[in-house]
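Asks: pasting the sequence and the predicted coordinates here, then a few questions.
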Amino acid sequence: MTGLQWNGDELLVLDQTLLPGKSEWVRCTTADAVADCIVSMKVRGAPAIGAAAAFGVAVEARRLITEHADLKPSELTAKLKDTVERLGKTRPTAVNLFWALDRMAKSLQECTATGCTNAQIAAALREIAEAIARDDVAVNRAIGRYGMSLFHGPVSLLTHCNTGSLATVEYGTALGVIRALHEQGWVKQVWVDETRPFLQGARLTAYELGEEGITHTLITDSMAGHFMKMGEVDAVIVGADRIAANGDTANKIGTYSLAVLCQHHGIPFYVAAPLSTFDLQTRFGGDIPIEYRNEREVLEWMGQRTAPEGTAGMNPAFDVTPAELISAIITEQGVIHVPDRERIERFWAEQGGTK
Ligand SMILES: CSC[C@H]1O[C@H](OP(=O)(O)O)[C@H](O)[C@@H]1O
């Protein structure tokens, strides 16, 4: 399963706003079409929007040299730099978007420095976009393997939002770990948070797990604490949109609440994310830009208003979980065991030192 299809010249985006009821593909032959898919969340998920944006630059290059044969390479490069900037304004939180666009911008710089022709520029951009997509699948499978190392037998997991093939190029991050555990026969149950207001869990994660016969049960976000208290959750595993230098992690709204509940109940809280989600330029979580989406996503469902007229809504799409609430971050290069503040404080107390 994948939400992106690339045929070398155009990008097909599976419209995730229509899933699971309808499966419709949007044909993108311009950067504007890709930008619209990202803003409207037809394509969503940190790694997926990075790959989509990279393909957006590649299709724009092809369109420009096809429609404007007389463009000089310098003119083409200038237009494509504008394209990179435009795609960078689609959504602010997922750092994978900027990581992917930076790779495209560097390719443009290299082409300028080496005097590439228009055809060479377009080919170079296409190759980078294809490499980003190809690498993402291998990265996710590695995350799945490393995530497996945290478990030693059948488990019941709770997950939030969608972190699978529809949030990446394929396989997924947190869902990649769940897929790897399923392949091992170690999934007893996946509690799927519906993830209001966009319902990525109810509409997308449940869809992916159902397609693969992975045992799962949909719950409302407000039920997570109850099932933890009932002893039904062995661990929580989620994705990430941006991990600051100190380990503070931005992810779908509702993630922070899960982490606090996990600490209260002594349940491991794992984040699964590729290294492209780390933003070492952002020192700590307070500096991560949080996207506020239209309040209508909270006040309505499928265009049908659910709240009274006159009631205002707030719609932060992400929240930040402090590093000390994260048990481990699973990456394609291994598992980072986030420092345990209490264990460190005990150590310093025993040493008679200060923190
Ligand atoms: C594999 S990371 C997916 C990540 O992106 C989601 O956000 P959105 O659906 O708004 O793009 C959510 O935060 C997931 O954890």
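Replies: Yep, that arrived. Keep in mind it's a predicted model, so treat the numbers as computed, not measured.
Asks: max-length helix in this protein?
Replies: Counting residues, the longest helix in the chain under DSSP state H turns out to be helix 118-148.
Asks: helices or strands up against it?
Replies: strand 4-6, helix 46-67, helix 73-87, helix 95-113, helix 174-183, strand 269-272, strand 328-331, strand 334-336 (3 or more Cβ pairs under 8 Å, 6 or more residues apart in numbering; DSSP states H and E). C-beta: built from backbone N, CA, C; applies to glycine.
Asks: what is the subsequent helix or strand relative to it?
Replies: Next along the chain after helix 118-148, taking DSSP states H and E as the criterion, comes strand 155-159.
Asks: what's that following strand in contact with?
Replies: In this structure, residues lying in contact with strand 155-159 by Cβ atoms under 8 Å, 6 or more residues apart in numbering are 174-175, 178, 181, 186-193, 201, 205, 224, 227-228, 232-238, 258.
Asks: adjacent strands (with direction) for it?
Replies: If you go by DSSP bridges, strand 155-159 pairs up with strand 187-193 (parallel), strand 235-238 (parallel).
Asks: for Asp319, helix, strand, or coil?
Replies: Here Asp319 takes the strand state, with states given by DSSP: H, G, I helix; E, B strand; the rest coil.
Asks: that one touches Tyr256, doesn't it?
Replies: Yes. Here Asp319 reaches Tyr256: they are 4.3 Å apart, a contact under Cβ atoms under 8 Å.
Asks: sorry, back to before: need the helices and strands packed on helix 118-148 in TSV with mean neighbour count and distance to the ligand, can you?
Replies: Listed next are the helices and strands packed on helix 118-148 as TSV, based on neighbours: other Cβ atoms under 10 Å; distance: least, Cβ to the nearest ligand atom, whole Å:
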stretch	mean neighbour count	distance to the ligand
strand 4-6	19	13
helix 46-67	26	4
helix 73-87	18	15
helix 95-113	20	8
helix 174-183	25	7
strand 269-272	26	8
strand 328-331	23	12
strand 334-336	16	17
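Asks: same list, those, but as CSV with mean pLDDT please.
Replies: Below are these laid out as CSV (pLDDT from 0 to 100):
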stretch, mean pLDDT
strand 4-6, 98
helix 46-67, 98
helix 73-87, 98
helix 95-113, 97
helix 174-183, 98
strand 269-272, 98
strand 328-331, 94
strand 334-336, 91
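Asks: the residue minimising distance to the centre of the chain and Leu299, how far apart?
Replies: Nearest to the geometric centre of the chain sits Ala46, at 2.7 Å (Cα atoms, centre = their mean). Per Cβ to Cβ, to the nearest Å, Ala46 is found 26 Å from Leu299.
Asks: same question for Phe284.
Replies: Distance from Phe284 to Leu299, by Cβ to Cβ: 32 Å.
Asks: for Ala224, same thing?
Replies: 23 Å.
Asks: more neighbours: which of those two?
Replies: For Ala224 and Leu299, the more surrounded residue by other Cβ atoms under 10 Å is Ala224, and the numbers stand at 21 against 17.
Asks: remind me which helix or strand the more buried one belongs to.
Replies: Going by DSSP H and E, Ala224 is part of helix 224-229.
Asks: can you point out the buried residues in that helix?
Replies: 224-225, 227-228 (16 or more other Cβ atoms under 10 Å).
Asks: ok, so of the residues you listed, who is nearest the ligand?
Replies: Distance to the ligand across the buried residues of helix 224-229 (Cβ to the nearest ligand atom) is lowest for Ala224, with 15.0 Å.
Asks: my guess is the closest one contacts Ala259, does it?
Replies: No. Counting by Cβ under 8 Å, Ala224 stays clear of Ala259, with 10.8 Å between them.
Asks: can you list the low-confidence ranges for the stretch 201-350 of the chain?
Replies: 339-350 (pLDDT under 70).
Asks: pretty sure Phe278 contacts Ile243?
Replies: Yes. Proximity of Phe278 to Ile243 meets the contact threshold set by Cβ under 8 Å, at 4.8 Å.
Asks: so Val298 touches Pro197, yeah?
Replies: Yes. Using Cβ under 8 Å, Val298 is in contact with Pro197, at 4.9 Å.
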